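Q: 3D, please:
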Amino acid sequence: MAATVLMYSTRTCGYCAAARRLLKKKRVSFEDIDVGRDPEKRRLMEELSGRHTVPQIFINEQPVGGYDDIAALDQAGELDKLLAT
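A: Next up, the predicted model:
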């Protein structure tokens, strides 16, 4: 069974684009929620993640951080494990 992946992002964010590329490279299906023009969705993202920057990525409802965080997990060989659960 594949993990559930959710990403809060904006359309103009370079780190968001990099996160999309990494997840697509991993062939992961993910829901991409644009918070750029929706203050309520951004507030929810901040409440759930404890952070105000985008992207904010959740795997199986657990916050894993932004692009730098998932790239580091990938380098350490941990991202595939999280995505497989």
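Q: contacting residues for residue 70?
A: 19, 22, 23, 57, 64, 79 (C-beta atoms under 8 Å, 6 or more residues apart in numbering). No exception for glycine: its C-beta is placed from N, CA and C like everyone else's.
Q: In strands, which of those residues appear?
A: By the criterion of DSSP state E, membership of these in strands covers 57, 64.
Q: From the contacts of residue 70, list the buried ones, please.
A: Neighbour counting by 16 or more other C-beta atoms under 10 Å classes 19, 22, 23, 57, 64, 79 among the contacts of residue 70 as buried.
Q: Quick check: residue 78 vs residue 70, distance?
A: Distance, residue 78 to residue 70, by C-beta to C-beta, to the nearest Å: 10 Å.
Q: do residue 59 as well
A: Residue 59 is 9 Å from residue 70, where distance means C-beta to C-beta.
Q: The residue nearest the centre of the chain bridge partners, please.
A: The residue lying closest to the centre of the chain (C-alpha atoms, centre = their mean) is residue 57, at 2.2 Å. Beta-bridge pairing of residue 57, defined through DSSP bridges, involves residue 7, residue 65.
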